[in-house]
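Novice: Quick one, fold the following:
(2 chains)
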Amino acid sequence: MSQSRRDFMKNLGVGAAGAYTATLISTRKQESIAFAAEVGLPVDEVINLANNENPMGPGKPVLDAIDRALGGHGEKPGRYPFPYTTPLNEALAAKWNVKPENVLVGAGSTQILVNATHTYTSNQKALVGSLPTYEECFGYASLVGHKTKAVPLTSTFSTDLDQTFYACKGAGMLFYCNPNNPVASLVDPAESKEFIPRVLKMNKDLRILVDEAYIDYVTTPGHETMIPQAIENPRLIVARTFSKAYGMAGLRIGYAIAHEDTVKELNKFHMGNSVSSLSYAAAIAALERDASDPSFIPNEQKRNNEARSFTRKWFHDHGYKDTEAQANFLFVDVQMPIEDFQGACRKEGVRVGRPFPPLWTHCRISIGTMEEMQKAVKVFDKVLSAAKAMAA
Amino acid sequence: MTLTRRAFFRTVGPGAGAPSPAMITARGREALEGEFGSVEAGIIPPADVDEVRISSNENPLGPGPSAIQAIRDNMDQSNRYPMNSRITDRAVRARLAEQIDGASAENIVIAPGSGEILRNCVRAFTSPNRPLVTAECSYESPTRTAAYFDVPVKSVPNAADLGLDLDKMAGAAIGAGLVFLCNPNNPTGTAHSRSDINDFVRYVTKASPFTYILVDEAYHEYVTKPSYSTAADLALTHRNVLVARTFSKAYGMAGLRQGWTLATKETAAKIRAYKLTFGTNILGLAAIMGALDDPEHLKQEVDRNTEVRKYTMDFFRGHGYWVSDSQTNFMFAKTNMPAKDFREACAKHKVSVGRDFPPFEKTHARISIGTMEEMKRATEVFTEVLGLSATDAGAGSN
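Specialist: Okay, here's the model as predicted:
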């Protein structure tokens, strides 16, 4: 997120009761500044556990498809991506057993989040979401002066369904990030299934944007996508991304699945031609691979789960508490100021997540490869031991 | 929406790396609107006219070898966000800034195509009380954005040579939020001299200090007119002037979605506020770095386009048709027939030409410049479609 947007929002003086705090939003700018002022290690030598990327990448069939999409003489990027748009919509429709008219592709799910916030919130109709949650929707609502209501998490860092329910009265849209970034927690599957229809019934104008960015990393039994409900109910939208388990964060491609009428409505705020032809080709290839060999995502989930369990165990063994991580990152109380922890780790070549106020001693740590996590915990040990020694 | 689908939408053949066969449906068209403004038939070239696709001002040869190599070298970074990848958004902005005297990375905003820059300028600088000023026949994207946000649009008729009527646009600019100054202008291909732009900026800055001026230089690299030069230095010295550029045209990267704007730091920040988070893909960023390392390739592409453009313009002029003074990789020809009829007739011969451009859609056609081989084939088709004799005036004659 850009620095200026944050400054802009600060200047707006966002801080009314229930509004997303300016402090929270402005900290996101530190991310890019911090990276820009990197301590001088080449990117390949840094263990990057800051942005919930898949360290394995998208896999060879996808990279091969990108190569082919260049054309034999490198001529194909000269053409606009139009010929790819319908094939991707159709491939996604086939994957989810929906119609192409239920699909809306964007430059990452980011674009879907912005579009839905733009379309369904206003200065009268609030955006509702957890505090903290992924900031994109709140950032956009603040930028354009739409009303926001942020609901603090429970003491166990779960989405507070009761308070969220009340906050949704008169609201325009609920941003329902599940698993929730940055805290990695998942709403209990049974409670979630009961909550969504109940809140939609309470507020007949409400839209719910379910962000399933991390769903492929969920290991809780009984958790399911909301896509089948979304295609039936025009007030429910599911956002998905190729940035996480599919390993394509740099290719900027994501999508929404929603009712046909909702897709049409979202399309009115046209998003432009923002997705690269190479990214289309990559996404199509990934879906073709899924169709012929569905093992890629389960394998990635297994790999992540092993490295996640290893890292969580390390923290538990050393007396640190974390949330029940259901994503490719974890959220742990490092018992020291997060900015100090972040800075000390960076000096050792490990990048961890930025601060998520008001949780000033919690750190979001993305899950790298097992090898990376084995190296990273040594750095954590050094940094945390030094802090304890200082405090002693 | 009454598109002549049977003629214009078709099954895409599976070429190397192409997607599997599919119809271009309504969704496909809607995806195009953001970039091209209109849903007029002819935006999407039908398969059977893929043979010569001169409809969208694309570069038929794609990016140069150094850009392609940079993409291949950075494919392993596909899993990294653009602030983490080997080539970052910031590094590219710094590299772009090196190309412009006095610029730094903070003067630049990168976007997935200059289309986003255009949209965000309309969002940032216009309102229902502060109109958009544009030319009647110019790139339509800002007009569409304005319509969505209920911003009034003052469309100034083009001058007699179909260039922008800068005097009238300057008059219309008083009290406006934003002037969209497409130079060279799409679809007419005309370019204004640097002194004309200077006069315009000086007048508007003084007469209406709160009006922003967006100079869209998408076709900048293709200009050969000696009196033309970029307004980049004005963008660095005037807080109300922005210059938009793209890698979609001369750099051959329309598929990679990379554009940028140049402005003072304060003005750039206003645009950056609306920037799509993580908006630009890392392979496109890598391609920019590769391309900027090979200025000789760009020069070759411009020379190639200039030669083929002259060939095509000479063809029309040789047959007595008026064409605008094209400074771009397309030309605007007065074919004296509706663009729709011309387009459909050419499509039957596997040549795809540009869409309708009101208010000249009954008489003029926009024709992009392909390779010399493609334009030789295209002019044969034009000869037949326009009912010309191939012998009475050959291409290349006056």
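Novice: Output the below-cut-off pLDDT ranges for the chain.
Specialist: By default, I'm working from chain A. Chain A contains residues with pLDDT under 70 at A:1-40, A:43-44.
Novice: Oops, wrong one, chain B.
Specialist: For chain B, the stretches with pLDDT under 70 are B:1-50, B:390-398.
Novice: would you list every one of the strands in it?
Specialist: Assigned by DSSP state E, chain B shows strands spanning B:52-54, B:108-111, B:132-135, B:153-156, B:178-182, B:212-216, B:241-246, B:259-262, B:330-334, B:351-353, B:364-368.
Novice: Output those as CSV; include the columns mean neighbour count and distance to chain A.
Specialist: In this view, the C-beta of every residue, glycine as well, is placed from N, C-alpha and C. Shown next, in CSV, are the strands of chain B (neighbours: other C-beta atoms under 10 Å in any protein chain shown; distance: least, C-beta to the nearest C-beta, whole Å):
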stretch, mean neighbour count, distance to chain A
strand B:52-54, 24, 7
strand B:108-111, 27, 8
strand B:132-135, 28, 16
strand B:153-156, 19, 17
strand B:178-182, 29, 16
strand B:212-216, 28, 15
strand B:241-246, 27, 12
strand B:259-262, 27, 10
strand B:330-334, 24, 14
strand B:351-353, 28, 12
strand B:364-368, 28, 11
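Novice: if I look at A:Arg240, how far off is chain B?
Specialist: Here A:Arg240 is placed at a distance of 16 Å from chain B (C-beta to the nearest C-beta, to the nearest Å).
Novice: Give the burial count for that residue, as a bare number.
Specialist: Counted with other C-beta atoms under 10 Å in any protein chain shown, the neighbours of A:Arg240 add up to 24.
Novice: who touches residue 96 in this structure?
Specialist: Chain wasn't specified; assuming chain A. A:Trp96 sits next to A:Asn102, A:Ile227, A:Ile257 when contact means C-beta atoms under 8 Å, 6 or more residues apart in numbering or on different chains.
Novice: looking at chain B here, not the other one
Specialist: By C-beta under 8 Å, 6+ apart, B:Leu96 lies in contact with B:Ala103, B:Ile108, B:Ile110, B:Trp260, B:Ile288, B:Leu292.
Novice: got it, and A:Leu41?
Specialist: By C-beta under 8 Å, 6+ apart, the contact set of A:Leu41 is A:Gly349.
Novice: Would you list the phi and psi of A:Gly129?
Specialist: phi -170, psi 180 (degrees, to the nearest 10).
Novice: Against A:Thr121, how distant is the residue lying closest to it once chain neighbours are set aside?
Specialist: Spatial nearest neighbour of A:Gly129, excluding adjacent residues (C-beta to C-beta, 6 or more residues apart in numbering or on different chains): A:Phe175 at 3.9 Å. According to C-beta to C-beta, to the nearest Å, A:Phe175 and A:Thr121 sit 9 Å apart.
Novice: about what we covered before: most neighbours among the contacts of A:Trp96, please name it.
Specialist: Neighbours here mean other C-beta under 10 Å. Within the contacts of A:Trp96, the largest count is held by A:Ile257, at 28 neighbours.
Novice: ok, back up a step: next step: the contacts of A:Trp96 restricted to helices.
Specialist: Of those, the ones assigned to helices by DSSP state H are A:Ile227.
Novice: Quick check: which of the strands of chain B is nearest to A:Gly272?
Specialist: Proximity to A:Gly272 (C-beta to C-beta) singles out strand B:108-111 among those, at 9.0 Å.
Novice: Check the offset of that closest one from the chain's centre.
Specialist: Computed by C-alpha atoms, centre = their mean, to the nearest Å, the chain-centroid distance of strand B:108-111 equals 17 Å.
Novice: Tell me the strands beside that strand, with direction?
Specialist: Strand B:108-111 has the following strand partners under DSSP bridges: strand B:259-262 (antiparallel).
Novice: residues from the stretch 251-392 of chain A in reach of chain B?
Specialist: Applying C-beta under 8 Å from any C-beta of the partner chain, we find that the stretch 251-392 of chain A lies next to chain B at A:251-252, A:267-282, A:284, A:288.
Novice: repeat that for 10 Å
Specialist: With the criterion set to C-beta under 10 Å from any C-beta of the partner chain, the stretch 251-392 of chain A comes near chain B through A:251-253, A:263-264, A:267-282, A:284-285, A:288, A:351.
Novice: on that earlier part again, who has more neighbours out of A:Phe175 and A:Thr121?
Specialist: A direct count of neighbours by other C-beta under 10 Å for A:Phe175 and A:Thr121 places A:Phe175 higher, at 28 against 24.
Novice: How about the contacts made by the more buried one?
Specialist: By C-beta atoms under 10 Å, 6 or more residues apart in numbering or on different chains, the contact set of A:Phe175 is A:113, A:116-117, A:121, A:127-130, A:133-138, A:141, A:148, A:150, A:207-211, A:239.
Novice: Now intersect those with the helices, please.
Specialist: Judged by DSSP H, those include A:Leu113, A:Ala116, A:Thr117, A:Glu136, A:Cys137, A:Phe138, A:Ala141 as members of helices.
Novice: Now, of those residues, which are buried?
Specialist: Among the ones in helices among the contacts of A:Phe175, those classed as buried by neighbour count (16 or more other C-beta atoms under 10 Å in any protein chain shown) are A:Leu113, A:Ala116, A:Thr117, A:Glu136, A:Cys137, A:Phe138, A:Ala141.
Novice: Take those and write them to CSV, including distance to chain B.
Specialist: Below are these laid out as CSV (distance: C-beta to the nearest C-beta, whole Å):
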residue, distance to chain B
A:Leu113, 9
A:Ala116, 14
A:Thr117, 12
A:Glu136, 6
A:Cys137, 11
A:Phe138, 12
A:Ala141, 13
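Novice: now for those, which pair is the farthest apart?
Specialist: Using C-beta to C-beta, those span at most 12.6 Å, a distance reached by A:Ala116 and A:Phe138.
Novice: now the helices for chain A?
Specialist: Applying DSSP H to chain A gives helices spanning A:3-12, A:22-36, A:60-68, A:82-96, A:109-120, A:136-143, A:161-167, A:189-202, A:227-232, A:260-268, A:277-292, A:296-317, A:338-347, A:370-391.
Novice: Could you name every residue contacting both of A:Ala116 and A:Phe138?
Specialist: A:Leu127, A:Phe175.
Novice: Can you give me the distance of the residue nearest the centre of chain B to chain A?
Specialist: Most central in chain B under C-alpha atoms, centre = their mean is B:Ala218, positioned 4.9 Å from the mean C-alpha point. According to C-beta to the nearest C-beta, B:Ala218 and chain A sit 13 Å apart.
Novice: Could you check how far that residue is from A:Asn181?
Specialist: 37 Å.
Novice: Would you mind stating the distance between B:Thr280 and B:Thr143?
Specialist: The gap separating B:Thr280 from B:Thr143 is 25 Å, by C-beta to C-beta.
Novice: how about the residues of the stretch 251-398 of chain B near chain A?
Specialist: So the stretch 251-398 of chain B meets chain A at B:251-258, B:265-266, B:268-287 (C-beta under 10 Å from any C-beta).
Novice: who touches both of A:Phe175 and A:Thr121?
Specialist: Residues touching both A:Phe175 and A:Thr121 (C-beta under 10 Å, 6+ apart) are A:Leu127, A:Val128, A:Cys137, A:Ala141, A:Thr148, A:Arg207.
Novice: Touching, the third one and A:Ile237? I think so.
Specialist: This points to A:Cys137. No - look at A:Cys137 against A:Ile237 with C-beta atoms under 10 Å: they stay out of range, at 11.6 Å.
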